[in-house]
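Participant: pasting the sequence and the predicted coordinates here, then a few questions.
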Amino acid sequence: MPNPVLDLKRTALLSMDLQNAVVSTYTKDDSEFLPRVATVLKAARERDLRVIHVMVGFRPGLPEVSPRNQLFGAIKNSPQWQQVFQGPAGAIHSDVAPQADEVIITKHRVSAFSGTDLDMILRASDIDTLILLGIATSGVVLSTLLHASDGDYQLFVVKDCCTDQDPEVHACLTEKLFPRRATVLTASDLSEILQSATD
């Protein structure tokens with residue numbers, strides 16, 4: 001199967017939830033994870049591809065979070081968990097940090113779209129294709145992919161630039177569910193596609 005062709009002017013790469021505390025928790029057994037992501041970001045920037053960073057963040061007291069939300073409600077009730085998304089722990093890791101005028105989206109839910117202005121920013125630039133990577137595969141990547149798929153975006157997932165605490169879940173998603181809605185590829189595959197992409 002030939003490599004798909006990307007229109008760089010209509011494509012954005014979403015680098016999601018690569019915050020210090022999250023990265024240290026999910027990649028402690030994979031020292032090559034951040035270098036792979038950094039390589040993908042470098043290749044994207046060299047082709048002037050739009051890079052957008054997504055991160056979790058809350059106002060003091062977490063007014064964005066309902067106690068009915070099972071996941072984030074637990075964070076609201078735990079000062080220890082709140083620290084994961086505050087200060088240096090909540091900052092995007094320096095190896096994959098935003099550069100220049102790259103957009104940062106701060107979200108209060110799992111999906112990069114829910115309650116944010118991400119879709120508005122993408123539509124304003126006529127973006128119709130998204131390349132997704134981040135932590136966790138079963139969290140932000142899955143939720144964002146499903147939302148974007150329903151929004152008629154063309155989707156790519158860089159599977160070795162995503163990770164999950166459960167390797168079986170990661171494998172199931174990247175091998176069975178994601179291919180139904182996206183092109184699943186590796187960092188190396190993406191580099192080849194970017195080299196042949198149209199400006």
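Facilitator: Right, received. Where do you want to start?

Participant: now the strands for this protein?
Facilitator: 11-16, 50-56, 103-107, 129-135, 154-163, 183-185 (DSSP state E).

Participant: want to try a markdown table for those, with distance to Gln70 as columns?
Facilitator: Where C-beta positions appear, they are placed from N, C-alpha and C, glycine not excepted. Formatted as a markdown table, these follow (distance: least, Cβ to Cβ, whole Å):
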| stretch | distance to Gln70 |
| --- | --- |
| strand 11-16 | 21 |
| strand 50-56 | 16 |
| strand 103-107 | 17 |
| strand 129-135 | 20 |
| strand 154-163 | 23 |
| strand 183-185 | 28 |
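
Participant: which stretch among those is buried most, on average?
Facilitator: Of the strands of the chain, the one with the most neighbours on average (mean count of other Cβ atoms under 10 Å) is strand 129-135, at a mean of 26.

Participant: quick revisit: so can I have TSV of the strands of the chain showing mean pLDDT and distance to Leu122?
Facilitator: Below are the strands of the chain laid out as TSV (pLDDT from 0 to 100; distance: least, Cβ to Cβ, whole Å):
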stretch	mean pLDDT	distance to Leu122
strand 11-16	98	6
strand 50-56	96	8
strand 103-107	96	10
strand 129-135	98	8
strand 154-163	98	12
strand 183-185	97	18
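
Participant: in the longest helix anywhere in the chain, what's buried?
Facilitator: In the chain, with assignment by DSSP state H, the single longest helix is helix 33-46. Neighbour-count burial for helix 33-46, counted by 16 or more other Cβ atoms under 10 Å, picks out Phe33, Leu34, Arg36, Val37, Ala38, Thr39, Val40, Leu41, Ala43, Ala44.

Participant: my guess is the second one contacts Thr27. True?
Facilitator: Read that as Leu34. Yes. Under the criterion of Cβ atoms under 8 Å, Leu34 makes contact with Thr27 at 6.8 Å.
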